[in-house]
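Novice: Got a predicted structure plus its sequence, pasted below:
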Amino acid sequence: MSESQSSLLPHSPTVVAILTPLGRGAVASIGVCGPRAMEIVARRFVSAAGGPLDAYPAGRVVFGRFRGITGAEEELVVGLVAPHEVEVHCHGGLAAAEAVASALVAEGGVRIDAADWIAQTEPDCLAAEARIALAEARTERTAAVLLDQYRGALRDAALQIETNLRQQDFATAADSLGRLLNRAELGQHLTRPWRVVLAGRPNAGKSSLMNALLGFQRSIVFAEPGTTRDVLTHTTAFDGWPVELADTAGLRVSCEPIEAEGVERALAVVRGADLVLLVCDVTSNWSNEEREVAQTARRVLVVHHKCDLANPPSDGRPVGVAVSSLTGQGIDRLCEQIARALVPSPPEPGTAVPFTARQEALLRQALAALNHRKPEKAIGALATLSNS
Ligand code: GDP
């Protein structure tokens, strides 16, 4: 018996969950699922057309008035998903959604969170994970990739690899597993922004560049002051890929005399970054500290900054993008290069992308088992991927 079926047993609780990410939409949806779903909602809701709620067929959307916990009424819409599942759609604000959920709990519903709701109502585990991830997606582009996984792209890819393994086509299976794993980093960043750090000497123009990048990107999703004293972060998106831009404003990559602690802190931030924008002033020499940052970073893009003043000198500095935050020159190219450095080959629509640590670990297990000539174990890991 699936979990969703078990929630229909007469004595199982009827659960209530706010399904939409709070404060992120104009409308909030509160799900009610279980044997008393219809009854619990009907105690608080009167349809505008009159008549009991359970007289409407499943699939209908009913407009009416909902009585909150204080007795105040508000107009809203109820969707009858199935006899045991009802959705209440109200104003998207935190207070409105909480008020509806509390009123339903007062009628006997048991409050759970959205992730537990999905786990209980979605028997397909990969689809459940995709729905949970979708609530975290910050851009249309990342949501589209997750929607593909919800519709079965990853499941189909895993099934195909299982078939290859059963047919003893190990080369194809290993190749497909390798390609899936190559997309795992992208997958993890569908819900967690990439971390891009601006590093460079004091006065190289890091804060000016940060402002220029944020100003250029109209699609700022989220902006918040830094959580630490040294690092200011803003969340934005480049070509639809969410990025947390961090300006190491208070950190000194290089200064005279060198503060060992400051340099070490800067290098730690550099090491933790998915991409470092190494901001170098074209009117200053390429220094040892800049070389060290370039060598420490996992990925680095050199920004030849203040290119309105001079051409980048040929003093051994790596190739990069010439940019002026003052005139805006090169900013568009830098934005393109940032997106390309993070996602060199964007997935075509419908491409399978593993997007949780669990999925990645199971795919790695499958590949390792295959490399040890244990195809049955690889099949087991793939089965767990889709079914656990
Ligand atoms: P930070 O210390 O690295 O954050 O550097 P700032 O952003 O504070 O900039 C240092 C100085 O460089 C300021 O006087 C800026 O006006 C100047 N500056 C920043 N970007 C440019 C640029 O693209 N061209 C020129 N000519 N000056 C710039």
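Specialist: Received it, and whenever you're ready, just let me know what you need.
Novice: What are the buried residues along stretch 202-210?
Specialist: 204-206, 208-210 (16 or more other CB atoms under 10 Å). In short, each C-beta sits where N, CA and C put it, glycine included.
Novice: does the ligand sit close to it?
Specialist: Yes: interface with the ligand: stretch 202-210 contributes 202-208 (CB under 6 Å from any ligand atom).
Novice: Next, format those residues as JSON lines and append pLDDT, secondary structure and distance to residue 372.
Specialist: Below are those laid out as JSON lines (pLDDT from 0 to 100; DSSP: H, G, I helix; E, B strand; the rest coil; distance: CB to CB, whole Å):
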{"residue": "202", "pLDDT": "86", "secondary structure": "coil", "distance to residue 372": "52"}
{"residue": "203", "pLDDT": "89", "secondary structure": "coil", "distance to residue 372": "55"}
{"residue": "204", "pLDDT": "92", "secondary structure": "coil", "distance to residue 372": "50"}
{"residue": "205", "pLDDT": "92", "secondary structure": "coil", "distance to residue 372": "52"}
{"residue": "206", "pLDDT": "91", "secondary structure": "helix", "distance to residue 372": "48"}
{"residue": "207", "pLDDT": "89", "secondary structure": "helix", "distance to residue 372": "52"}
{"residue": "208", "pLDDT": "92", "secondary structure": "helix", "distance to residue 372": "53"}
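Novice: what are the ranges of the strands in this protein?
Specialist: 15-18, 27-33, 45-47, 61-67, 73-82, 85-91, 110-111, 194-200, 222-223, 232-238, 241-247, 275-281, 300-305, 321-323 (DSSP state E).
Novice: worst average pLDDT in these?
Specialist: Within these, confidence is poorest for strand 222-223, with a mean of 42 (mean pLDDT).
Novice: In contact with the residue nearest to residue 159 when sequence neighbours are not counted, which residues?
Specialist: Spatial nearest neighbour of residue 159, chain neighbours left out: residue 386 (7.4 Å); criterion: CB to CB, 6 or more residues apart in numbering. Residue 386 makes contact with 125-126, 155, 158-159, according to CB atoms under 8 Å, 6 or more residues apart in numbering.
Novice: So which residues on the chain come close to the ligand?
Specialist: 200, 202-208, 249, 305-306, 308-309, 324-326.
Novice: Quick one: neighbours of residue 247, just the number.
Specialist: 25 (other CB atoms under 10 Å).
Novice: Start the count at 665 instead of 1 going forward.
Specialist: Happy to do that; since the first residue is 665 now, the last one works out to residue 911.
Novice: For it, give me its contacts.
Specialist: 862, 870-871, 874, 895-897.
Novice: now swap in residue 705 and tell me
Specialist: Counted by CB under 8 Å, 6+ apart, residue 705 has contacts 696, 717, 742, 750, 752, 768.
Novice: please redo it, this time with the cut-off set to 10 Å
Specialist: Counting by CB atoms under 10 Å, 6 or more residues apart in numbering, residue 705 makes contact with 678, 680, 694, 696, 717-718, 726, 730, 742, 744, 750-752, 764, 767-768, 771, 773.
Novice: ChimeraX command for the buried members of those?
Specialist: Listed next is the ChimeraX selection for buried residues among those, using 16+ other CB under 10 Å:
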select :678,680,694,696,717,726,730,742,744,750,751,752,764,767,768,771,773
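Novice: sorry, back to before: dump the strands of the chain to CSV, plus distance to residue 1026.
Specialist: As requested, the strands of the chain are exported to CSV (distance: least, CB to CB, whole Å):
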stretch, distance to residue 1026
strand 679-682, 27
strand 691-697, 28
strand 709-711, 43
strand 725-731, 39
strand 737-746, 31
strand 749-755, 30
strand 774-775, 32
strand 858-864, 24
strand 886-887, 31
strand 896-902, 29
strand 905-911, 25
strand 939-945, 28
strand 964-969, 32
strand 985-987, 39
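Novice: Export the buried residues of stretch 866-874 as a markdown table, with columns for distance to residue 995.
Specialist: Listed next are these as a markdown table, based on distance: CB to CB, whole Å:
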| residue | distance to residue 995 |
| --- | --- |
| 868 | 16 |
| 869 | 12 |
| 870 | 14 |
| 872 | 11 |
| 873 | 8 |
| 874 | 12 |
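Novice: What's the local residue count around the residue lying closest to residue 949 once chain neighbours are set aside?
Specialist: Nearest residue to residue 949 in three dimensions, chain neighbours excluded: residue 979, at 6.2 Å (CB to CB, 6+ apart). Neighbourhood size, residue 979 [other CB under 10 Å]: 9.
Novice: same check, this time on residue 978
Specialist: 7.
Novice: Not counting its neighbours along the chain, what's nearest residue 976?
Specialist: residue 968 (3.9 Å).
Novice: Now for the closest residue to residue 822 other than its chain neighbours: which residues touch it?
Specialist: Closest residue in space to residue 822, ignoring its immediate chain neighbours: residue 1046 at 4.9 Å, by CB to CB, 6+ apart. Neighbour list for residue 1046: 821-826, 829, 837, 841, 1026-1027, 1029-1030, 1033 [criterion: CB under 10 Å, 6+ apart].
Novice: Between those residues, which sits nearest residue 934?
Specialist: Using CB to CB, residue 1027 comes nearest to residue 934 of these, at 29.3 Å.
Novice: Report the beta-bridge partners for residue 751.
Specialist: residue 695, residue 743 (DSSP bridges).
Novice: quick one: contacts for the residue nearest to residue 949?
Specialist: Residue 979 touches 948-951, counting by CB under 10 Å, 6+ apart.
Novice: what about burial for the residues you listed, which qualify?
Specialist: Buried among the contacts of residue 979 (16+ other CB under 10 Å): 948, 950.
Novice: re earlier: now, of the contacts of residue 1046, which are buried?
Specialist: For the contacts of residue 1046, buried by 16+ other CB under 10 Å: 821-822, 825-826, 829, 837, 841, 1026-1027, 1029-1030, 1033.
Novice: Quick one: the contacts of residue 1046 as JSON lines, columns for pLDDT too.
Specialist: Formatted as JSON lines, those follow (pLDDT from 0 to 100):
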{"residue": "821", "pLDDT": "98"}
{"residue": "822", "pLDDT": "97"}
{"residue": "823", "pLDDT": "96"}
{"residue": "824", "pLDDT": "97"}
{"residue": "825", "pLDDT": "98"}
{"residue": "826", "pLDDT": "96"}
{"residue": "829", "pLDDT": "97"}
{"residue": "837", "pLDDT": "98"}
{"residue": "841", "pLDDT": "98"}
{"residue": "1026", "pLDDT": "98"}
{"residue": "1027", "pLDDT": "98"}
{"residue": "1029", "pLDDT": "98"}
{"residue": "1030", "pLDDT": "98"}
{"residue": "1033", "pLDDT": "98"}
